[in-house]
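Q: Got a sequence here, can you build the structure:
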Amino acid sequence: MENLKKIIALSVISVTMSCGKTSEEKQNNTTEVTEKEPLNIIFMVGDGMGIPQVSSAFYFGEHTPNFKQFESIGLSRTSSTSHLITDSAAGATAFSTGEKTYKRAIGVSSDTIALPTILEQLKEKGYQTGLISLTSITHATPAAYYAHVEDRDMHEEIAKQLVEAEVDFFAGGGKKYFQNREDGLHLYDSLKAKNYKLDTLELSKPDTARRNAYLLAEEGLPSKTEGRGDFLAEAAINGFNYFEANKKPFFMMIEGSYIDWGGHAKDDEMMIQEVLDFDKTIGVVLDFVKKHPNTLLVVTADHETGGVSIGKAYDESGKEIPQQVQVYFNTDQHSTELVPVFAKGQGEELFRGIYENNEIYHKLMQAINEN
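A: Next up, the predicted model:
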């Protein structure tokens, strides 16, 4: 009987100690969750980039494409509310707001009501924000993240809204929409009044104590075949350096704009070089993601352009060349092909499967909220 009492007493002590330890562990786990870093979001848009365009990097590049590093891959359906074949404005608005809209709309619903964008929402949560484009920074894709207008061609109004949006870091073209405007406003002065370092000459080192604006062409920057150089990758690196110096989470959209233009021009060399440049920039971004595990990278397209296929190559006599392929264009316009979605980092598994383009916004927000 005495031995039984001892066993019961030891059991009670053991259970008490175990419960105390469990309580302490729970407290530690709660602290760990509370102190977890917010999720950085890098969203890359290859404008006009369908699966054939991605495939071109595997056949025409000198190195293994960075696309191959992704394991979480999905497909997106791009149609707008007004047209089965969308444009960049409606496509980017679906990404930025989570709501499909009509062709040519920027940041507004089908009934032209302004919709809050992911950039605006995350800015309210203390995120830093960034936009990089090869076209004018007022062009459809970047504009959909900060502007709310009925038509994508309202460039002067879009530029004015960019100043008001106070995006922390942006780089692209579009000088002519900020100066010599029809309304007489001098938006260079407005940017400086908002504490921007403004550079209209080169992609200089960012000033980490201020916002940074790079307007480096009257309209769009040159294409790769016109000698653009490594602007896209270098701008991404500048953005990362700026965000890291300020030690805050960030959202950044990077657009490879001229894959689309190669399709419109039925220019296979332009399309190929733009895809390879975009893939090179993906490599730079993936290096950042590997070093910063609190980051999610999503790469996709707003639509496909050119109805591209990659098929047999022939010599001048019409004989097939067994070890070569050739790019073929079915149209000089957009198509309704499903486009690929690649994801890497925390929450990447959310982007597997087939879904509508506006679902990408909701998946990004889910990844942020679950982090």
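Q: Correct me if wrong: residue 60 contacts residue 274.
A: No. The criterion here is C-beta atoms under 8 Å, and residue 60 misses it with residue 274 at 11.4 Å. For every residue, glycine as well, the C-beta is placed using N, CA and C.
Q: between those two, which one's more packed in?
A: residue 274 (31 against 19; other C-beta atoms under 10 Å).
Q: I'd assumed residue 259 was in contact with that one.
A: Yes. With contact defined as C-beta under 8 Å, residue 274 reaches residue 259; the gap is 4.5 Å.
Q: host element of the residue nearest the centre of the chain?
A: Among the residues of the chain, the one closest to the centroid is residue 43, at 2.0 Å (C-alpha atoms, centre = their mean). Assessed by DSSP states H and E, residue 43 sits inside strand 40-46.
Q: which secondary structure elements does that strand contact?
A: In terms of contacts (3 or more C-beta pairs under 8 Å, 6 or more residues apart in numbering; DSSP states H and E), strand 40-46 is packed against helix 88-97, strand 250-256, helix 268-291, strand 295-300, helix 359-370.
Q: ok, 6 Å please
A: strand 250-256, strand 295-300 (3 or more C-beta pairs under 6 Å, 6 or more residues apart in numbering; DSSP states H and E).
Q: so what strands line up beside that strand?
A: Looking at strand 40-46 with DSSP bridges, its partner strands are strand 250-256 (parallel), strand 295-300 (parallel).
Q: With only the CA atoms kept, save the helix or strand that comes right after that strand in CSV.
A: Remark: after strand 40-46, the chain's next helix or strand is helix 51-60, criterion DSSP H and E. Provided in CSV are the C-alpha atoms of helix 51-60 (Å, rounded to 0.1, in the frame of the first residue of the first chain):
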residue,chain,number,x,y,z
ILE,A,51,3.9,28.9,-72.4
PRO,A,52,5.5,29.0,-75.9
GLN,A,53,7.4,32.2,-75.0
VAL,A,54,8.7,30.5,-71.8
SER,A,55,9.6,27.5,-73.9
SER,A,56,11.7,29.7,-76.2
ALA,A,57,14.2,30.2,-73.3
PHE,A,58,14.9,26.5,-73.3
TYR,A,59,15.6,26.4,-77.1
PHE,A,60,17.3,29.7,-77.8
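Q: Let me see the mean pLDDT of helix 51-60.
A: Mean pLDDT, helix 51-60: 98.
Q: now that helix, how far from the chain's geometric center?
A: Computed by C-alpha atoms, centre = their mean, to the nearest Å, the separation of helix 51-60 from the middle of its chain amounts to 20 Å.
Q: So which elements touch the helix or strand that that helix is followed by?
A: Counting by DSSP H and E, the next helix or strand C-terminal to helix 51-60 is strand 72-77. Judged by 3+ C-beta pairs under 6 Å, 6+ apart, the packing partners of strand 72-77 are strand 339-345, strand 353-356.
Q: at 10 Å instead, please
A: Secondary-structure packing of strand 72-77 (3 or more C-beta pairs under 10 Å, 6 or more residues apart in numbering; DSSP states H and E): helix 88-97, strand 295-300, strand 339-345, strand 353-356, helix 359-370.
Q: ok, now which ones touch residue 185?
A: Going by C-beta atoms under 10 Å, 6 or more residues apart in numbering, residue 185 touches 156, 159-160, 163, 178-179.
Q: Check these against residue 354 and report the nearest one.
A: Nearest to residue 354 out of the contacts of residue 185 is residue 159 (C-beta to C-beta; 36.8 Å).
Q: Just the closest of the contacts of residue 185 to residue 126, please.
A: Nearest to residue 126 among these, counting by C-beta to C-beta, is residue 163 at 21.0 Å.
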